[in-house]
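S.K.: fold the following.
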Amino acid sequence: MMFTRAATLLGAVVLLSATVATVDAAANENKEGRKKNKKGIFGKLMDRNNRNDGADGANADASDGAILAEDEGYWERFLQATVDSIPSASPSAPPTLGPQCDVTVEIACQDDNGVECQDIPQPEPENPEDCDVDVVYEYCVSNSGGVPQRVTKLERTRNGETIDLIGLLGTTLLQPGDEECVTETETIDVCQGTKFSTTATVESTTIGSSPKLCEDNDMYMFTPEVPCKTEVDITCVDSNGVECQDSPEPVDPEDCIEPFTYTFTVENVGPTCMTLNTWTATFIVEEPNGQSTANVIDLLPKVPPNEREICPGETFSVEETVDTDKCSGLKYTTTTEVEANPPNGNSCQATDEYEVTPEAPCETETEITCVNPETGIECDEIPVPEDPEDCEVPMKYTYTIEATGPACMTINSFIRTYTITGPDGQTTTQEDDLIGLIPVEDREICPDDEPIMVMETFEDVDLCAGNTY
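M.R.: Residues are numbered from 1 along each chain as shown. Have a look, this model is predicted:
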């Protein structure tokens, strides 16, 4: 009989423990639900229609407290009845539940335009004064439990600095459902890639015969995107300081090769200092036939390591000198690319291009001579024959091409126009391209080369017809 009663008592105790666990779980679930629905000062300003939420929470807490009290009374009577049914057992006091304890703290942050701190826009690169932004942090403490509580600690820690905020609370005594909020304004630099991490900690003690310590914490973190903007520029002058694109044509062959000096300048046009990571220049030479070659030069070694950080408005320049052939018709294209990044920010790039095609001087002399190949007499000195049978004679024309300028040239075409004008003024014209008479390998002519000579003969030129040739 005693064994059976002991088992019955054990069953009652186990059942009581399960019920208490159920009540605690329900209380914790109510805490999370109430914490998610908090509004704070920012929320109240945005939605005044939700002012009754706190009252509803208080009623809910009161209802929970009533249910808890009823459950406690039921199990007290049940245990007492069970104990009374066991004659050999000594009477014992029923267990009691401690006061429900639930305090919460939440952090909110906005700039002076009401924008969430995590969404603060990046300032324009040309306006570094916009880097300093005033933000307002709000810390709201609420009693989400079912009994009054006294706040004993409210601190916030940001980037290693801790400040006591409890003195800013309007009251430290919070009834169930009450909320107290405090704010602080701080000016931050959103252009340095700083991570702003803020933690708030709250502690409170329940009011009553069995005080209980309650605590909570919250964290708010944001890292503004760092703006980055740079520009790079190319200038070029010849050996006389003249803009390369305006450099005059050479007069003598020895003036064809001239040094062009390129200056590459990088400038920080953004609001934050940045460090040069890479800087290159590419020199491209394109021939008249379209073929090209490229030469890439690393410019970064020209910048001392201790000078690679460039702050807003600062510039740095390097130079490169390249020999340029002004007589060959080549096109010179120079590009530069720079990459830099601010501290804790994404990198930015800039490019520039400079193109110059020196106009190759083209100076030639062409001469025409004509003789009778049979007599060697120049054509304009051949007498009119007395015998009509001697009227038709051959005429041999020789065309001489000579390069008189400083540059070599390639002959692309050679047009000859032959016109016969009769006594009545009527003309007959014959035009031909004689380039085929010049071997391909001989079509390039340089200043010091022998002249190119092309010859053709017109047979049976009538000297008695009164024509002009």
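S.K.: CA atoms for contacts and neighbours, from now on please.
M.R.: OK.
S.K.: so what's the residue count around Ser204?
M.R.: For Ser204, the tally of surrounding residues (other C-alpha atoms under 10 Å) stands at 26.
S.K.: ok, it - contacts?
M.R.: Contact partners of Ser204, counting by C-alpha atoms under 8 Å, 6 or more residues apart in numbering, are 103, 149-153, 213-215.
S.K.: narrow the residues you listed to those in strands?
M.R.: 103, 149-153, 213-215 (DSSP state E).
S.K.: where do the strands of the stretch 51-200 of the chain begin and end?
M.R.: Assigned by DSSP state E, counting those that start in this stretch, the stretch 51-200 of the chain shows strands spanning 103-111, 132-143, 149-158, 161-164, 173-174, 179-189, 196-206.
S.K.: ok, the third one: who's next to it in the sheet?
M.R.: Read that as strand 149-158. According to DSSP bridges, strand 149-158 forms sheet pairs with strand 161-164 (antiparallel), strand 173-174 (antiparallel), strand 196-206 (antiparallel).
S.K.: for the ones in strands among the contacts of Ser204, which one is nearest Glu184?
M.R.: Lys153 (16.9 Å; C-alpha to C-alpha).
S.K.: and that closest one, how far is that from Leu168?
M.R.: 11 Å (C-alpha to C-alpha, to the nearest Å).
S.K.: in this protein, which spans are helices?
M.R.: When secondary structure is read from DSSP state H, the chain shows helices at 2-36, 40-46, 53-84.
S.K.: comparing the ones you listed, which yields the minimum mean pLDDT?
M.R.: Comparing mean pLDDT across the helices of the chain, the weakest is helix 2-36, with a mean of 36.
S.K.: what residues are bridge-paired with the residue nearest in space to the middle of the chain?
M.R.: Closest residue to the average C-alpha location of the chain: Cys348 at 4.7 Å, with C-alpha atoms, centre = their mean. Note on Cys348: beta-bridge partners Ala340, judged by DSSP bridges.
S.K.: pretty sure it is touching Thr278, no?
M.R.: No - contact criterion C-alpha atoms under 8 Å: Cys348 and Thr278 do not qualify, at 10.8 Å.
S.K.: look up how far Thr398 lies from the closest residue to Thr429 other than its chain neighbours.
M.R.: Leaving aside its chain neighbours, Thr429 sits nearest to Thr419 (4.3 Å; criterion: C-alpha to C-alpha, 6 or more residues apart in numbering). Here the criterion is C-alpha to C-alpha. By it, Thr419 lies 16 Å from Thr398.
S.K.: ok, Thr194 next?
M.R.: Note on Thr194: its distance to Thr398, by C-alpha to C-alpha, is 84 Å.
S.K.: for the two, indicate the residue with more neighbours.
M.R.: Taking neighbours as other C-alpha under 10 Å, Thr194 and Thr398 compare with Thr194 leading, 18 against 14.
S.K.: ok, the nearest residue to the more buried one once chain neighbours are set aside - contacts?
M.R.: Among residues not flanking Thr194 along the chain, Thr223 sits closest, at 6.0 Å (C-alpha to C-alpha, 6+ apart). Counting by C-alpha under 8 Å, 6+ apart, Thr223 makes contact with 118, 193-196.
S.K.: contacts only, for the closest residue to Cys191 other than its chain neighbours.
M.R.: Spatially, and ignoring its direct neighbours in sequence, Cys191 is nearest to Val226 (4.9 Å; C-alpha to C-alpha, 6+ apart). By C-alpha under 8 Å, 6+ apart, Val226 lies in contact with 122, 190-193, 272, 342, 344-346.
S.K.: 10 Å instead?
M.R.: Neighbour list for Val226: 122-123, 125, 131, 190-194, 270-272, 341-347 [criterion: C-alpha atoms under 10 Å, 6 or more residues apart in numbering].
S.K.: on that earlier part again, nearest to Thr404, of the strands paired with strand 149-158?
M.R.: Here strand 196-206 is closest among these (C-alpha to C-alpha), at 75.2 Å.
S.K.: buried set for that closest one?
M.R.: 196, 198-206 (16 or more other C-alpha atoms under 10 Å).
S.K.: was I right about Asp189 contacting Glu225?
M.R.: No - in this structure Asp189 lies outside contact range of Glu225 using C-alpha atoms under 10 Å: 11.1 Å.
S.K.: who has more neighbours, these two?
M.R.: The residue with more neighbours, out of Asp189 and Glu225, is Glu225; 21 against 14, by other C-alpha under 10 Å.
S.K.: what score does that one have for pLDDT?
M.R.: Per-residue pLDDT puts Glu225 at 78.
S.K.: mind listing what it touches?
M.R.: For Glu225, the contact set (C-alpha under 10 Å, 6+ apart) comprises 118-123, 190-195, 344-346.
S.K.: who wins for neighbours among these?
M.R.: Most neighbours among the contacts of Glu225, by other C-alpha under 10 Å: Cys191, with 28 neighbours.
S.K.: was I right about it contacting Met274?
M.R.: No - using C-alpha under 10 Å, Cys191 makes no contact with Met274, being 11.1 Å away.
S.K.: who's the nearest residue to Glu450 once chain neighbours are set aside bridged to?
M.R.: Distances taken as C-alpha to C-alpha, 6+ apart put Glu402 closest to Glu450, at 7.4 Å, once the chain neighbours are dropped. Under DSSP bridges, the beta-bridge partners of Glu402 are Glu365.
S.K.: what does the pLDDT read for Glu402?
M.R.: Per-residue confidence (pLDDT) for Glu402: 82.
S.K.: quick one: it and Glu363, what's the gap?
M.R.: 9 Å.
S.K.: intersection of neighbour lists for these two?
M.R.: Here Glu402 and Glu363 have Pro447 as joint contacts, going by C-alpha under 10 Å, 6+ apart.
S.K.: okay, the two: which has more neighbours?
M.R.: Neighbour count, other C-alpha under 10 Å: between Glu402 and Glu363, Glu402 has more, with 19 against 14.
S.K.: pretty sure that one is touching Asp448, no?
M.R.: Yes - with contact defined as C-alpha under 10 Å, Glu402 reaches Asp448; the gap is 9.2 Å.
S.K.: residues touching the closest residue to Thr201 other than its chain neighbours, list them.
M.R.: Leaving out its chain neighbours, the residue that sits closest to Thr201 by C-alpha to C-alpha, 6+ apart is Asn217, at 4.4 Å. Counting by C-alpha under 10 Å, 6+ apart, Asn217 touches 103-107, 141, 154-156, 199-203.
S.K.: low-confidence ranges in the stretch 351-469 of the chain?
M.R.: Low-confidence segments of the stretch 351-469 of the chain, defined by pLDDT under 70: 361, 405-407.
S.K.: all strands of it, in order?
M.R.: Using DSSP E, counting those that start in this stretch, the strands of the stretch 351-469 of the chain run over 364-371, 392-403, 409-410, 415-421, 427-433, 444-445, 452-462.
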